[in-house]
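*Asks:* coords please:
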Amino acid sequence: MGSYNSFAEYYDELMEDARYPERCRYILDVCKRFDHAIGRTLDLACGTGSLTLLLAESGVDVFGVDAGTEMLSEAMQKSLACDRHILFVCQEMQRLELIEPVDTCVCTLDSLNHLTDSADVQQTFDRVARYLNTGGLFIFDVNTVYKHREVLSDNVFVVEGDRVFCVWQNFPREDDIVDIALDFFAEEDGVYYRSSEDFSERAYSEEALREMLLRAGLKTLAVYGDLTFASPEADEQRIIFVCKKD
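*Replies:* Predicted structure coming up:
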């Protein structure tokens, strides 16, 4: 996984379609749907903490973990600006170490796709299961194989914000892995400055994820289309897993 130093600076601006308020409400609704008291909650791969902050503002006892120091710096600044004192910890998700267990773990916006080795995904599931209380829920989403093959593929996208525009290039290879190159162009005093980031994402089939979850001791309760309670469509770009530690 990359460090996302440049991406962290522009992440929130370029991710306006992440629908964080709706995603926060959805997570709370999932917990209600499965009669689960959300309790102490881990936002795994929390990025700049947008969802973490919204959960905290909804009354959830939440903390965040991410591998990117620059992402966490943005998260802490936002938290302090809102007079919230949220704990943010720098760790890779597949090497998660917690002092005490949690009741709920959420991992959103295709963070798990950044693990291109299935062994790392399995290790992440194992670590989540280790730190979930019995009866705890693990709610996560992933980009689908369809999205990698048909949407990302070898396409190029341009994303424009108020301060920056980004050229997003995709380079597909075997095992549904896409290498992604981001070029940022930010204007300052009439001059455009370029910075770049590159990383890779891998799509895993629903069946493969179910098997890895089962090996970790996590029971899949449901798989939904993004922000719905309906089964995923054939052309679904993101799916949501709801899992339980029995």
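*Asks:* If you count neighbours, what's buried in stretch 149-162?
*Replies:* 152, 159 (16 or more other Cβ atoms under 10 Å). For glycine as for every other residue, the C-beta is placed from the backbone atoms N, C-alpha and C.
*Asks:* export it as CSV, just CAs?
*Replies:* Presented in CSV, the C-alpha positions along stretch 149-162 are these (Å, rounded to 0.1, in the frame of the first residue of the first chain):
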residue,chain,number,x,y,z
ARG,A,149,-13.0,-5.3,-15.1
GLU,A,150,-15.7,-3.0,-16.6
VAL,A,151,-15.4,0.4,-14.9
LEU,A,152,-11.8,0.9,-13.9
SER,A,153,-10.3,-1.4,-16.5
ASP,A,154,-7.8,0.7,-18.5
ASN,A,155,-9.8,3.9,-18.3
VAL,A,156,-8.7,7.4,-17.5
PHE,A,157,-10.7,9.7,-15.3
VAL,A,158,-10.4,13.4,-14.4
VAL,A,159,-11.7,14.6,-11.0
GLU,A,160,-11.9,18.3,-10.4
GLY,A,161,-12.1,20.1,-7.1
ASP,A,162,-12.0,23.7,-6.1
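*Asks:* Report the distance from that stretch to the chain centre.
*Replies:* Relative to the centre of its chain, stretch 149-162 is centred 18 Å away, using Cα atoms, centre = their mean, to the nearest Å.
*Asks:* Which residue ranges make up each domain of this structure?
*Replies:* Under the assignment automatic domain parsing, the domains of the chain span 5-143+204-245, 147-201.
*Asks:* Worst mean pLDDT across the helices and strands of the protein, which element?
*Replies:* In the chain, no helix or strand scores lower on mean pLDDT, DSSP states H and E than helix 5-14, which sits at a mean of 65.
*Asks:* quick check, distance from whichever helix or strand comes after it to the centre of its chain.
*Replies:* As assigned by DSSP states H and E, the chain's next helix or strand after helix 5-14 is helix 20-33. Centroid separation for helix 20-33 versus its chain: 15 Å, with Cα atoms, centre = their mean.
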